[in-house]
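Novice: Provided below for reference: sequence and predicted model.
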Amino acid sequence: MQIPAGKKIYFSSDNHLGAPTAAESLPREKKFVRWLDEIKEDAAAIFLLGDLFDFWFEYRTVVPKGFVRVLGKLAEISDSGIPIYFFVGNHDLWMKDYFEKELNISTYRDVKEFTFNNKVFLIGHGDGKGPGDKGYKRMKKVFTNPIFNWLFRWFHPELGMRLAQYLSVKNKLISGEDDKTFLGEENEWLALYAKRKLETKHYDFFVFGHRHLSMKIKVGTNSTYYNLGDWIGQYTYGEFDGNAFEIKTFEG
């Protein structure tokens, strides 16, 4: 994609809407909608890198209650012709085709390569990548197993949703979230993952979420890893203007 003059590409991650309660997450949802309203004026594309919701599971005819403001705003932006790309996170990994069918939002379940203005990006949520985090990696195999998904669907949605939402908030192994302490440039596991990827191919930018810490780490001579932070306490996002990538904070 060549970014038109005056346009930008925007990135955000880790809203965890619905946590710890619907009432407490509502102000954050409204703030995110204000950000979407602001960026739609010059957005060439919008990337949402997972964990938009603290829990999301799609039954055949049922989706989680709530989030009407953000879903309506995403539909409006998508209908206006601005492409939106969604990467499934560890909290919304049970997403199926609702976003694609209802909102016309492309949905991805693993990292994906994009090229903008001849700059090569590798983009994804980031969970389960790099060394370590073995407990979560094992748990993810269980959660994504078709048999587990089939069994969970037999729970009545009222029971299944309540149970999953409780565990999502309480259990760090299920959430896959590490301690929100910066590990140092030589130990951040997504930076190590980026360096490993550079052994076989050049990327200008690695853009991930999941860590809930905004960061910028040089991983190669002309390669940089960015983490987007979150929309819980940081309200940070990524902005690419066709040449430079920046992490910014939304104050609105």
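Specialist: Sure thing, it's come through. Everything quoted here is computed from the prediction, not taken from an experiment.
Novice: end-to-end on stretch 195-207?
Specialist: For stretch 195-207, the first-to-last residue distance is 13 Å (CA to CA, to the nearest Å).
Novice: report the buried residues of that stretch.
Specialist: Applying a neighbour-count criterion of 16 or more other CB atoms under 10 Å, the buried positions in stretch 195-207 are 195, 197-198, 203-207. To be clear about C-beta, it is placed using only N, CA and C from the backbone, and glycine gets the same treatment.
Novice: looking at the residues you listed, which are in strands?
Specialist: 205-207 (DSSP state E).
Novice: tell me where the stretch 151-252 of the chain has helices.
Specialist: 157-170, 172-175, 189-197 (DSSP state H, counting those that start in this stretch).
Novice: pairing partners for the helix or strand encompassing residue 122, with directions?
Specialist: Secondary structure assignment for residue 122, by DSSP states H and E: strand 119-123. Sheet pairing of strand 119-123 (DSSP bridges) gives strand 112-116 (antiparallel), strand 205-208 (parallel).
Novice: what is the neighbour count of residue 244?
Specialist: Residues near residue 244, counting by other CB atoms under 10 Å, number 8.
Novice: residue 3 versus that one, what's the distance?
Specialist: Distance, residue 244 to residue 3, by CB to CB, to the nearest Å: 12 Å.
Novice: flag the shaky bits of the stretch 51-200 of the chain, pLDDT-wise.
Specialist: The model of the stretch 51-200 of the chain has pLDDT under 70 over residues 132-145, 148-179.
Novice: quick one, strands of it?
Specialist: For the stretch 51-200 of the chain, strands defined by DSSP state E, counting those that start in this stretch occupy the ranges 84-87, 106-108, 112-116, 119-123.
Novice: winner for burial among those strands?
Specialist: strand 84-87 (a mean of 22; mean count of other CB atoms under 10 Å).
Novice: name the residues that touch that strand?
Specialist: Residues outside strand 84-87 that contact it (CB atoms under 8 Å, 6 or more residues apart in numbering): 45-50, 52, 74, 77-78, 95, 99, 103-109, 111-112, 123-125, 209.
Novice: any chance of a PyMOL selection covering the buried ones in those?
Specialist: Buried subset of the contacts of strand 84-87, written as a PyMOL selection, criterion 16+ other CB under 10 Å:
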select buried, resi 45+46+47+48+49+50+52+74+77+78+95+99+103+105+107+108+111+123+124+125+209
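Novice: wait, what's in contact with the nearest residue to residue 36 once chain neighbours are set aside?
Specialist: Sequence neighbours aside, residue 73 is the residue nearest to residue 36 in space, at 4.9 Å (criterion: CB to CB, 6 or more residues apart in numbering). Neighbouring residues of residue 73 by CB under 8 Å, 6+ apart: 33, 36-37.
Novice: let's see if you can find the most crowded of the residues you listed.
Specialist: residue 36 (21 neighbours).
Novice: and it, helix, strand or coil?
Specialist: Secondary structure, DSSP: H, G, I helix; E, B strand; the rest coil: residue 36 is helix.
Novice: what's the spacing between it and residue 201?
Specialist: Distance from residue 36 to residue 201, by CB to CB: 33 Å.
Novice: residue 24 now?
Specialist: 42 Å.
Novice: what pLDDT does the closest residue to residue 117 other than its chain neighbours get?
Specialist: The shortest distance from residue 117 to any non-neighbouring residue, by CB to CB, 6+ apart, is to residue 242 (4.5 Å). As predicted, residue 242 sits at a pLDDT of 96.
Novice: ok, residue 242 - contacts?
Specialist: Counting by CB under 8 Å, 6+ apart, residue 242 has contacts 3, 7-8, 116-117.
Novice: now, which of the residues you listed sits nearest residue 222?
Specialist: residue 117 (14.5 Å; CB to CB).
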